[in-house]
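A.B. asks: The sequence and its predicted three-dimensional model are supplied below.
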Amino acid sequence: MFPVADVEAVLLDVGGVFHLPDHARMLGALSRLDIVADPADLDRAHYAGIAALGDHAPVGHHGDGASIWHRYNRAYARVCGVPHDRLDEATLVLLAEFARGGVWTRQIPGARDALQAIADRGMRLGIVSNADGTVEEQLRSDGICQLGPGAGVEVHVVLDSGVVGVAKPDPAIFHLALEALQVAPGAAIHVGDTPASDVEGALAAGVRPVLVDPYDFHPDTECARVTALAGIVALLA
Ligand SMILES: [Mg+2]
């Protein structure tokens, strides 16, 4: 899809790449609406929510980015079988559940191993997440990755928009990552699941984007797409 020999660094989004909304929390919220969702729909519901954002980039994962997260949760609820006339009500219930915090704890199967495989190819790694300041600690406690040696894969920089004060798609957050990794934009790829923040932001910074699109919601996106982080290993191989 692109010249793979030039890649020295891989930047990574977190939500939709490593983490998804916790199934028990989401099923619990939906059950308060007497909706019995099929757990098999929940992961797809996240990516449907992202697809519903269109040109709007989500910042953080709390319910406070009101209008943007309304779109996400409405689409999420629809995939989970909430009938049309109850979508407004369901959206508010889901927003409240996200606002309680701690929802983004489901680990995407295989993602950590894929990150290790990418590291084993000699890539420098950086996390670039629109979040609420908790991403570094959560990735560490999950054993996914951390700065320096540890239980997870060693990464070289972790940027959480809630900490650094600048969020995707602002190219400034990508510039911070590239500076920390000491690589040129053209020598990096960025892997994320949200076109408006990950693809647009990476392009604005001169970094090649790769979209994680497991359910083929973005067939017209003009960048490389993978169904999971493991797909990056194949791109680099
Ligand atoms: Mg994401």
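C.D. replies: It's in.

A.B. asks: What is the neighbour count of residue 6?
C.D. replies: 12 (other C-beta atoms under 10 Å). Yep, even glycine has a C-beta here, placed from its N, CA and C like the rest.

A.B. asks: didn't it look like it was pressed against residue 185?
C.D. replies: No - Residue 6 is not in contact with residue 185 according to C-beta atoms under 8 Å; the separation is 11.1 Å.

A.B. asks: Just read off the phi/psi values of the residue of the chain most remote from its centre.
C.D. replies: Distance from the C-alpha centroid of the chain peaks at residue 85, with 29.7 Å (C-alpha atoms, centre = their mean). Main-chain torsions, residue 85, degrees, to the nearest 10: phi -80, psi 0.

A.B. asks: got it, and residue 226?
C.D. replies: phi -130, psi 160.

A.B. asks: how close does it sit to the ion?
C.D. replies: Distance, residue 226 to the ion, by C-beta to the ion, to the nearest Å: 13 Å.

A.B. asks: and if you look at residue 174?
C.D. replies: For residue 174, the distance to the ion - C-beta to the ion - is 14 Å.

A.B. asks: chain center to the helix or strand that residue falls within, what's the gap?
C.D. replies: Assigned by DSSP states H and E, residue 174 falls within helix 171-181. On the basis of C-alpha atoms, centre = their mean, to the nearest Å, helix 171-181 sits 18 Å off its chain's mean C-alpha point.

A.B. asks: which residues touch the helix or strand just after it?
C.D. replies: As assigned by DSSP H and E, the chain's next helix or strand after helix 171-181 is strand 188-192. Residues outside strand 188-192 that contact it (C-beta atoms under 8 Å, 6 or more residues apart in numbering) are 2, 7-13, 16-17, 128, 168, 174, 177-178, 181, 198-199, 201-202, 205, 207-212, 226, 229, 232, 235.

A.B. asks: Which members of these occur in helices, if any?
C.D. replies: If you go by DSSP state H, the contacts of strand 188-192 have 174, 177, 178, 181, 201, 202, 232, 235 in helices.

A.B. asks: show me what contacts the closest residue to the first one other than its chain neighbours?
C.D. replies: When you say that, I think you mean residue 174. Distances taken as C-beta to C-beta, 6 or more residues apart in numbering place residue 205 nearest to residue 174, at 3.4 Å, with adjacent residues excluded. For residue 205, the contact set (C-beta under 8 Å, 6+ apart) comprises 171, 174, 175, 178, 185, 190.

A.B. asks: and the lowest-mean-pLDDT helix or strand in the chain, how far out from the chain's middle?
C.D. replies: Every helix and strand of the chain was ranked by mean pLDDT, DSSP states H and E. The lowest is helix 66-79, at a mean of 91. Counting by C-alpha atoms, centre = their mean, helix 66-79 is centred 16 Å from the centre of its parent chain.

A.B. asks: Just name whatever secondary elements it is in contact with.
C.D. replies: Under the contact definition 3 or more C-beta pairs under 8 Å, 6 or more residues apart in numbering; DSSP states H and E, helix 66-79 sits against helix 39-52, helix 87-99.

A.B. asks: Tell me which of those helices sits nearest to the ion.
C.D. replies: Evaluated with C-beta to the ion, the helices and strands packed on helix 66-79 place helix 39-52 nearest to the ion, the distance being 7.0 Å.
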